[in-house]
Structure formats: C-alpha cells, structure tokens
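K.L.:
take a look and give me a structure for this.
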Amino acid sequence: MRYYDNLYIENGTLNNISASVNTTRFAVGDITYQRAECAEGTYFTIELPTVLFLNKELQFRTVKVLGQILDSLFKRFKVKKSDHVMVIGIGNDGLTSDALGVRSLMDLEITEHLHKKGINRKNGRLSGFSSGVSGVTGLSSFEIIRAVTSDLKPSLLILVDTLATKKILRLQKTIQVSDIGLTPGSGVNNNQTRLSKDTLGIQTITIGVPLVIYVKHILMDYIGNEHLENERIASELDSLVVTLKEIDIAVNDFSRVIALAINHAVHGN
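P.N.:
Numbers count the residues shown, from 1 in each chain. Model (predicted):
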C-alpha cells in the first residue's frame, strides 16, 4: 500500500466543496470538457471519445485541448513568459501505474538552467523534478516541495499525478485539471498535507489521469453497495487496487500529452 501513498481520488473534493457549483460543458470535435466553478476554485474534466492507445491523431488533438485549458489558467493567474514555472511529478517511478507524474517530466522542454546562464531567453522558464513517495524517501511530498520552492520561489507550480477513480468507464479516458490543489494519499486513506496555494504560498495547477480503481468500486457498479456491507469483505476489498492491462503504454501516452501541453503553455510552441 505504501507505493500508492500519493494517490488522489479524481474529482474527490467536489463532493465536499461549496454547494454552489457552476458547471459548463464544451465540445471540441469529439472531445468534450467540463468546467466546474465553485468558491474554492475551478475543475476542468476532459472526456475522450476513446482511449489514447497509440492513437497519434487523438493524442495531438488532446494536447491542443489541454493546452487551451492551461493557457486560460495562465492568463487568469497572469503568468508571463518571464515567470518561472515548476512542474512536479508526484508518484513512484518504480510502479508503472503511479509513474505518470515522473514520466511526464521526460518530455518537458526544461529551460530554467539555460535562463540562468543567459541562453535561449526566447522560450519560457520551465523547471521540473519528482517529489517521490514517502514510503521510499521517508519524507512527505509537502516537505520536499516546500523545501525546494521556498528556496527557488517559482511563480507557478504544476503538479502531475496518477488518480484513482470510482467509475471504471473513466479509466484512461479523462484528464482532470484544477487550480484547487490536491491532497496526496487521499485516494488510499493516507492523507498528507494538502498541496495548494494556501499551504505552499504559490499558485498551483494540478493535472491528473485516473489510471487505477478500487475493486470495491467496480463491484458496486455490478452488484450494488448492499452486497458489500459485510465488514470482513469490505476490509479485504479496501486493499485491492487494480489497473489496466496496457498500463505501460497508457502512462507513456498520457505523460507525453501532458508534457507537450505544458510546453505549449510555457513556451508558446
């Protein structure tokens, strides 16, 4: 269980935030996305018509939609090309289904080190690192991120993470973006300090993809909750988390899409 200690239930906090949620749905061809606004901030949920599985054309269009959403958030937060944007990969690279955040760093066009040397100033300022998981590092994501950001003082943080979902049909078919932050570990009842503007003092954008699901949530869709009320059964199911057969390809596809959309938002390419 420690390997999944950073997982976050997608859309999880929407059930706990302000009762007044203004939802708008948009369509970009066969890709749709929903914007849910509340007092705490904004959630975007991109819904794909099918999985990205080696589908280059759909991947390209998904990059454009995600890039447009990031552009709108950059504009809202007045992030300029001269501002330092830091991407943080949440999760565990040693476990494929939890490696989305770490893998997304591989396709980023990192430039902050060049800016410090006065090189390639035509692009934006982008840096990135992986925070690891507490079961491996002994430190919480919050402790590591706070230590780095308090010294380097970036203007914006982008957190990328694998999400747990409650609906099997949402596996590898949605991307969630939010400016509210996230609580690592809340997807597996191992809540850590929330990563947000309130706790870190820096505006955050989170990007996540649901790639794992509890077995109990699969069963609820087919046999109903009443059959899972037995305490022993419920306890055993709480420890069963499953993922996709082609998870390695899914992580590679989504991590590249996310990285390219971030590159677009930061560098304008």
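K.L.:
all contacts plus neighbour counts: C-alpha atoms, from now on.
P.N.:
Will do.
K.L.:
show me the shaky parts of this structure.
P.N.:
1-21, 184-192, 221-236, 269 (pLDDT under 70).
K.L.:
now the helices: where do they sit in it?
P.N.:
Secondary structure of the chain (DSSP state H): helices located at 56-76, 100-104, 112-116, 134-137, 141-152, 197-200, 215-223, 231-237, 247-267.
K.L.:
who's in contact with the third one?
P.N.:
In this case it means helix 112-116. 84, 120-121, 125-127 (Cα atoms under 8 Å, 6 or more residues apart in numbering).
K.L.:
would CSV of the helices of the chain with distance to residue 88 be doable?
P.N.:
Putting the helices of the chain into CSV (distance: least, Cα to Cα, whole Å) gives the following:
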stretch, distance to residue 88
helix 56-76, 16
helix 100-104, 7
helix 112-116, 14
helix 134-137, 15
helix 141-152, 8
helix 197-200, 13
helix 215-223, 29
helix 231-237, 31
helix 247-267, 11
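K.L.:
please identify the most buried of the ones you listed.
P.N.:
Ranked by mean neighbour count, the helices of the chain are led by helix 100-104 with a mean of 29 (mean count of other Cα atoms under 10 Å).
K.L.:
helices or strands next to that helix in the packing?
P.N.:
Where contact means 3 or more Cα pairs under 8 Å, 6 or more residues apart in numbering; DSSP states H and E, helix 100-104 is packed against strand 84-90, strand 125-132, strand 156-165, helix 247-267.
K.L.:
would a markdown table of these with distance to residue 113 be doable?
P.N.:
Shown next, in a markdown table, are the helices and strands packed on helix 100-104 (distance: least, Cα to Cα, whole Å):
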| stretch | distance to residue 113 |
| --- | --- |
| strand 84-90 | 11 |
| strand 125-132 | 8 |
| strand 156-165 | 17 |
| helix 247-267 | 15 |
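K.L.:
longest strand in this protein, please.
P.N.:
strand 203-214 (DSSP state E).
K.L.:
show me what it is packed against.
P.N.:
By 3+ Cα pairs under 8 Å, 6+ apart, strand 203-214 packs against strand 156-165, strand 174-178, strand 241-243, helix 247-267.
K.L.:
give the pairing partners of it; include direction for each.
P.N.:
strand 156-165 (parallel), strand 174-178 (antiparallel), strand 241-243 (antiparallel) (DSSP bridges).
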